[in-house]
Structure formats: C-alpha cells, structure tokens
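**Q** Need coordinates for the following:
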Amino acid sequence: MITALALLAALQPPPQDIPNRTRMPISVDLRGQQQPTTAPTPIPLMIAEPVAMAIATFDSDQDGIVTRAEFDAAVRRSFELSAKGQPTLGYIAFGDWSERWLGNRNALPSPFEVDADGDNRITLTELQARFDLFFTRFDADKDGSLRRSELLTVRTLPTPGGRPEERDQRRQRDR
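**A** Residues are numbered from 1 along each chain as shown. Prediction:
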C-alpha cells in the first residue's frame, strides 16, 4: 500500500507544471524567512435598504415582482394611511410614516429629502416624486418592474489593511 502511494506521488507533476495555478505571493519576515501571503480581496456584502424592504411589501399579488401599478398604489396607500385624511404630513407624522413603512424614524429618505418645496409639509406628490427616483434606481433591467434581486444592494467592504495609511504602517512595521 505504501509503495503504491509513493508511486502515485512520484507520478504527480511538480507544482510549476500545473496550468492555471495561482502562485501565492511571498513576503520575507523580520527573521529573513519567506512567508506566503495572500492578496486581500474585497468582502462583498448584500443588504436590503429600508426603502427596498418597503418596496418589497408593495407586491400585492405576491408573485415576487413589484409592477409599476403596484408600486404607485402602495405609495399612495402608505401616504393615505399615515395622513388620515389630511392633504400633507408634517415632519413628525412623516417620522411615524417612516417607522411604519421603513422600520425606523431615521431611515432614509429623510423628510428633508422628500419636502421638495421646503414648507415643512410633505404632500403625496412630493412622496411620489421621491419614490419615483427609487423605482428608477432599483429597476436595473429597466423593464418597468422590480424583482427581489433588484432590491438588494451589493457593497464591497474595504479590505483590511487596504487603506494606503494602513499599508504604509504595515511596511514600516515589517522593516
């Protein structure tokens, strides 16, 4: 058995003969010994913004797709439920709207973003205008509807040690 394993190991090509093999970079430590290092890779992070979570609830037929009609009807409905028959929402009432529909009073959009005319009151038209921007931003394939995958935001976290000042500090330390 040992002879068979030794023969198998002898027949394996050396590492440099393997095509498409990624070589690890080598660094030298303070004692002069070589140490393998890996290049830092960005860490992807998938998130759903509060406004995207709200938009996902606009899917009235629960088919996983928010059509433009569902979207418009839900924005109107959310405003009407919060305004309670009034034509506008004050900033405090908008905070209540945000808490109910976005999950937190401080979630974006802020009332300052929505209140286009700066009168400290938010109308349905102002809310619809701000949400139109969200629809356009999230509709990646521009087909006029939003799929769950379009409501996710992928961000790349900074790589540890990736900032220039951190690299410089690491180089100073390794000298």
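**Q** rest of the way, CA atoms for contacts and neighbours
**A** OK.
**Q** Strands of the protein, residue ranges please.
**A** Using DSSP state E, the strands of the chain run over residues 26-28, 34-36, 43-47, 65-67, 88-90, 121-123, 145-147, 153-157.
**Q** Which one of those lies nearest to residue 136?
**A** In terms of CA to CA, the element of the strands of the chain nearest to residue 136 is strand 145-147, at 9.6 Å.
**Q** tell me which residues in the closest one are buried?
**A** Residues 145, 146, 147 are the ones in strand 145-147 that count as buried (16 or more other CA atoms under 10 Å).
**Q** and what of stretch 90-109?
**A** Across stretch 90-109, burial judged by 16+ other CA under 10 Å covers 90-91, 93-98, 101-102, 105, 107, 109.
**Q** Start and end of it, how far apart?
**A** This stretch, stretch 90-109, spans 14 Å end to end (CA to CA, to the nearest Å).
**Q** Name the residues that touch it?
**A** The set of residues external to stretch 90-109 that reach it, using CA atoms under 8 Å, 6 or more residues apart in numbering, is 50, 51, 53, 54, 78, 79, 82, 83, 111, 120, 121, 122.
**Q** Among the residues you listed, which lie within helices?
**A** Residues of these located in helices (DSSP state H): 50, 51, 53, 54, 78, 79, 82, 83, 111.
**Q** dump the residue contacts of the fifth one.
**A** Pointing back at residue 78 there. Taking CA under 8 Å, 6+ apart as the test, what residue 78 contacts is 97, 101.
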